[in-house]
Every structure is written in structure tokens, then in C-alpha cells.
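A.B. asks: build me a model:
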Amino acid sequence: MTVRRSAAALATTAVLLGVAAPVAVAPVAVAAPSPSPSADLPAGLYGTTDPTYDGVWRQSLAFLAQKIEYVTPSTQAVDWLVGQQCDSGAFTSYRDASKPCDASTVMDTNATAIAVQALVEINQRREDANNGADWLKSVQNEDGGWGYNPGSPSDANSTSIVIGALARTGVPVNELTTKNGSTPYTALQSLAIACGEKDGGAFAYQPGKKGELTANMDATAASVLGLMGKGIASGTSNAVKAPSCTKGDDLSPEQTAQNGASFLADTLKKQPYLEQAPMPGAEDTDPQPDYGNTSDAVVALAASGHADKAKASVAWLQKNGTGWAKQGGPAATAQLILAAHATGADARSFGGVDLVKQLNSMGPSPAATALPSPTPTGPQPSSGTDSDDSGLSLGWLIGIGLLAGTGIGFLLSMRGKKKQP
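C.D. replies: Residues are numbered from 1 along each chain as shown. Below you'll find the predicted structure:
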């Protein structure tokens, strides 16, 4: 998925404008606004900045990126993430785990979904991952989707990341039907702009006040993955396709996903990076590159069979994105690793930077690491709604036999599901 705007930034904007804070995108994958000394942070947490708005998110993204690079996170790091879970199965963006969850605890679908994905992918604490998935199912909206918090209006980003979590825990998403017959795919497809219209193929985050749909790059990249039933660490599709935008009122989820991919490919053909959308109330300024959304678009294109259309963007990220990743911390670094892996670039030498080493240094020492760096031509995460634990899972069990008869190889325990920042 994407580097999302900080909940803190959104809240600050709301205060300045005198309006209610929008329940919008997931927590930031860039540095939170109020750095805290490392000594004040809980043991096991990745990153050194205030985790209030992105603690679970950045921890989970770190696990997802480490998993595809044959890195197993420490027990301490995994215990910290699971410790953020409430008995209901839900996660918040971050909480004081010494106090029990109660009625005042703000549950977070995005945090829960990414944490579920992370736990499944690393193949650890599956019972906790399933508990999170059960909670997500219990707070589905009647339109088939999910909002950022339980009961809030459905949005493309939240619905997409929840789909990825449920699919990786083995839930048949297309059968998750509400009383009015809506599925999660129904909710996402309702946010797609029809081909032939302005920005055809793109997705809106949410409908406008009059039901109008406005193209949103973040929502589009997320929706491409969601409609294919894939998680954030989805890898590369072997089915290479030519991007196209298909017209029609009765498209399949796959066709609608391909329309979104076509829009992303066309946009990145004009320039190899996406631009930041202006914050509400902000003064007009020159558009700035959006490294996170560009990384997410790369992953979405690769997962939908268009990795070749993302090559220029990866080259741009190699040249321009490493400084952003270092400053942004674990989540930003993880996003670059996911983009590199999806397109066959070497995350251990990405623009002259060893992103895997950089990520590992941002948290507790990993329990295990292995070389060489995997590529899309090697073992891949499975897609769809398979329920076994043979998928993208951070818990790569590494056995290297040195004695005759034991054999040599990596035992890969591939992909499952997750939890959030």
C-alpha cells in the first residue's frame, strides 16, 4: 500500500480550518510529528519517532518487507506487535499495552488489517491473526466495505487493506456478503471511475457530497490490490498483460483492477513519479513528489502483471527515494523494499543503499537473516484466498545443511496474513 498522510496532520488541518477531522487514510509511513527519545519508546518497537499514529503500521510493514528478504524478526518485536491487540481481536494505531482496552479505545481497521497480514506472512501467532480477521468481519459496513474506524463510511484504502488481510487468513472474500447482497468487491467497484470518462480507471477514496468520484492515486493503487484479493506484500504476477481500460457496467473485480492498473501505467508514463495531493486548506505550492504513493503504484502494477510499466519509476526511486526512506523510518524503508522486490531490483543495493540492512537497524536485531536477496524469479508469495500458511510469511525457516545427506536449501514457509501501524 502507500505512504499515507498522518492522522496527526489531518487533525491539525481540521483544527486550523475549524472543521471535523476527516476519517481518512491510514497512519503515516513517514516520520510522526513528535519525535521521542529512543529511551522513552517501548522495547521491541521499530523506529525512534512518536508511535502514537503509526506504531502498529510501521511495525507491520517492517515485518512484511523483512519476510520477502529472508529476514525473521525477533521474538521481542513480534511480542510487541501482538501486545497491541485487544481481546476483541482489534488493534489501535498505538496504545499503552499495560492498560486493558475499554470503551474509550479507538479501534482501527487499517492497523488491524496490516497487523493481521504481517502475522500471517511471518507465519507466527496465527491464532492472533485469525482473531483480528474475525473482528474485521464483525465490523463490515452494509455496503460491503470498511471505514478507517468501525462504523465510519467505507473508503477504498480501508476496504482494500482489509480484503488483503481476510484473503490471507483464508476467508473467501467474494462470499462475505451483507444483508443487502453487497460484498467487499462491490464496495470497491462502486468507487471506480468508468472508462471513457475523465480519469477513467482510477478510484476515488470516497464519493463526494453529491456522489461524484474524484481520482485518488493512493486509493487507486490500494484498490488494484484489493480487487485482486492480494495483500501489501503481493510480489509479481507472472501473467504479463498489456494495460487496458475496459468499459462496461458488469465488470469482474479483476477487470476493474486492471482498469486501475491501466490508469496508473498511463499516469507514470507521463512522469515516473506521482505527486502529493495538497492538504485541505494548504496554500498553493509547487507539487512535490510522493515517494510512498509511487512505491505503492509500483507494487500494484507488478502485482497486476505490469511490472515492465513500473521500471522507470523504480529507477527514479533508486535515484531519489533513498533519502526519503532513511528519514521516513521503518515504514518508508519497507515500502521501497516492497517496490524493489516486486520489480526484480536488488533491495540490498538500491541506489547504493542496503535497504534491508537499514530496516534491520531500525528495530531489534532479527532472529535470522539469509542471503542472497530473493527476486521475482525466485520463490513468490501466493495470491488469492488460499488458506494455508505456505505464502509470504516472515517466518522463513532457514536450514543450511553442512553434512552430506542433510541437503542444502531454504525451507520457505510462504504467505499468510497480518496486523497494522
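
A.B. asks: so how far is residue 305 from residue 234?
C.D. replies: Going from residue 234 to residue 305 by CB to CB, to the nearest Å gives 11 Å. Just so you know, the C-beta spots here come from the backbone N, C-alpha and C atoms, and that holds for glycine as well.

A.B. asks: could you pull up the residues touching residue 128?
C.D. replies: Shown in contact with residue 128 (CB atoms under 8 Å, 6 or more residues apart in numbering): 82, 85, 89, 119, 419.

A.B. asks: so where's the stretch 251-400 of the chain shaky on pLDDT?
C.D. replies: Along the stretch 251-400 of the chain, the parts satisfying pLDDT under 70 run over 279-284, 372-400.

A.B. asks: can you pull out the strands in it?
C.D. replies: Remark: strands assigned in the stretch 251-400 of the chain by DSSP state E, counting those that start in this stretch are 397-400.

A.B. asks: the stretch 201-350 of the chain: helices as residue ranges?
C.D. replies: Along the stretch 201-350 of the chain, counting by DSSP state H, counting those that start in this stretch, helices occupy 217-227, 253-270, 291-303, 311-320, 322-328, 330-343.

A.B. asks: give me the more crowded residue out of residue 234 and residue 305.
C.D. replies: Counted by other CB atoms under 10 Å, residue 234 and residue 305 do not tie: residue 234 has more neighbours, with 28 against 19.

A.B. asks: neighbours of the nearest residue in space to the more buried one that is not next to it in sequence, how many?
C.D. replies: Once flanking residues are discounted, residue 234 sits nearest to residue 303: 4.2 Å by CB to CB, 6 or more residues apart in numbering. Per other CB under 10 Å, the neighbour tally for residue 303 reads 26.

A.B. asks: distance of residue 303 relative to residue 264?
C.D. replies: Counting by CB to CB, the gap from residue 303 to residue 264 is 11 Å.

A.B. asks: intersection of neighbour lists for the two?
C.D. replies: What both residue 303 and residue 264 touch, as defined by CB under 8 Å, 6+ apart, is the set residue 224.

A.B. asks: in the stretch 1-150 of the chain, what residue spans correspond to helices?
C.D. replies: With DSSP H, counting those that start in this stretch as the criterion, the stretch 1-150 of the chain has helices spanning 7-17, 55-68, 75-83, 109-121, 126-138.

A.B. asks: can you tell me which of those is most buried?
C.D. replies: helix 109-121 (a mean of 34; mean count of other CB atoms under 10 Å).

A.B. asks: average pLDDT for that one?
C.D. replies: What helix 109-121 shows for mean pLDDT is 97.

A.B. asks: distance of the residue nearest to residue 234 from residue 226?
C.D. replies: Separation of residue 303 from residue 226 (CB to CB) stands at 11 Å.

A.B. asks: with residue 208 instead?
C.D. replies: Here residue 208 is placed at a distance of 21 Å from residue 226 (CB to CB).

A.B. asks: need the contact list for residue 107.
C.D. replies: Residue 107 sits next to 86, 88, 90-92, 135, 139, 149-150 when contact means CB under 8 Å, 6+ apart.

A.B. asks: try 6 Å this time
C.D. replies: Taking CB atoms under 6 Å, 6 or more residues apart in numbering as the criterion, residue 107 is in contact with 90, 150.

A.B. asks: over to residue 191?
C.D. replies: By CB under 6 Å, 6+ apart, the neighbours of residue 191 are 156, 203-204.

A.B. asks: could you export these as TSV, including pLDDT and neighbour count?
C.D. replies: Listed next are those as TSV, based on pLDDT from 0 to 100; neighbours: other CB atoms under 10 Å:
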residue	pLDDT	neighbour count
156	98	28
203	98	33
204	98	21
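
A.B. asks: what's around residue 102, how many residues?
C.D. replies: 7.

A.B. asks: re earlier: so residue 208 and residue 226 - more neighbours on which side?
C.D. replies: Higher neighbour count among residue 208 and residue 226: residue 226, with 33 against 10, using other CB under 10 Å.

A.B. asks: I figured that one hits residue 161, correct?
C.D. replies: No: using CB atoms under 6 Å, residue 226 is not in contact with residue 161; the gap is 7.4 Å.

A.B. asks: before we move on, the earlier item: which among the helices of the stretch 201-350 of the chain is found nearest to residue 52?
C.D. replies: Nearest to residue 52 among the helices of the stretch 201-350 of the chain is helix 330-343 (14.1 Å), distances taken as CB to CB.

A.B. asks: what sits up against that closest one?
C.D. replies: Outside helix 330-343, the residues touching it (CB under 6 Å, 6+ apart) are 29-30, 46-47, 58, 61-62, 65, 68, 236, 292, 295, 298-299, 302, 307, 310, 314, 321, 325, 347, 350, 355, 358-359, 362.

A.B. asks: tell me how far it is from the chain's mean position?
C.D. replies: Centroid displacement of helix 330-343 relative to its chain, using CA atoms, centre = their mean, to the nearest Å, is 10 Å.

A.B. asks: how about that helix: buried residues?
C.D. replies: 330-343 (16 or more other CB atoms under 10 Å).

A.B. asks: can those residues go into TSV with extra columns for distance to residue 74?
C.D. replies: As requested, these are arranged in TSV below (distance: CB to CB, whole Å):
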residue	distance to residue 74
330	14
331	18
332	21
333	17
334	16
335	21
336	22
337	18
338	21
339	25
340	23
341	21
342	26
343	29
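
A.B. asks: farthest pair in these?
C.D. replies: Largest separation among the buried residues of helix 330-343 by CB to CB: 330 and 343, giving 21.1 Å.

A.B. asks: now for residue 288: which residues touch it?
C.D. replies: residue 276.

A.B. asks: before we move on, the earlier item: nearest to residue 106, out of the helices of the stretch 201-350 of the chain?
C.D. replies: For those, proximity to residue 106 was assessed by CB to CB; helix 330-343 is nearest, at 19.8 Å.

A.B. asks: now that closest one - C-alpha only, PDB.
C.D. replies: The C-alpha trace of helix 330-343 is given here as PDB (Å, rounded to 0.1, in the frame of the first residue of the first chain):
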ATOM      1  CA  PRO A 330      10.800   1.700   9.000                       C
ATOM      2  CA  ALA A 331       7.600   2.100   7.000                       C
ATOM      3  CA  ALA A 332       9.100   4.200   4.300                       C
ATOM      4  CA  THR A 333      12.200   1.900   4.000                       C
ATOM      5  CA  ALA A 334       9.800  -1.100   3.900                       C
ATOM      6  CA  GLN A 335       7.900   0.500   1.100                       C
ATOM      7  CA  LEU A 336      11.000   0.800  -1.000                       C
ATOM      8  CA  ILE A 337      11.900  -2.800  -0.300                       C
ATOM      9  CA  LEU A 338       8.500  -4.000  -1.400                       C
ATOM     10  CA  ALA A 339       8.700  -1.900  -4.600                       C
ATOM     11  CA  ALA A 340      12.300  -3.200  -5.300                       C
ATOM     12  CA  HIS A 341      11.300  -6.800  -4.800                       C
ATOM     13  CA  ALA A 342       8.200  -6.500  -7.000                       C
ATOM     14  CA  THR A 343      10.200  -5.400 -10.000                       C
END
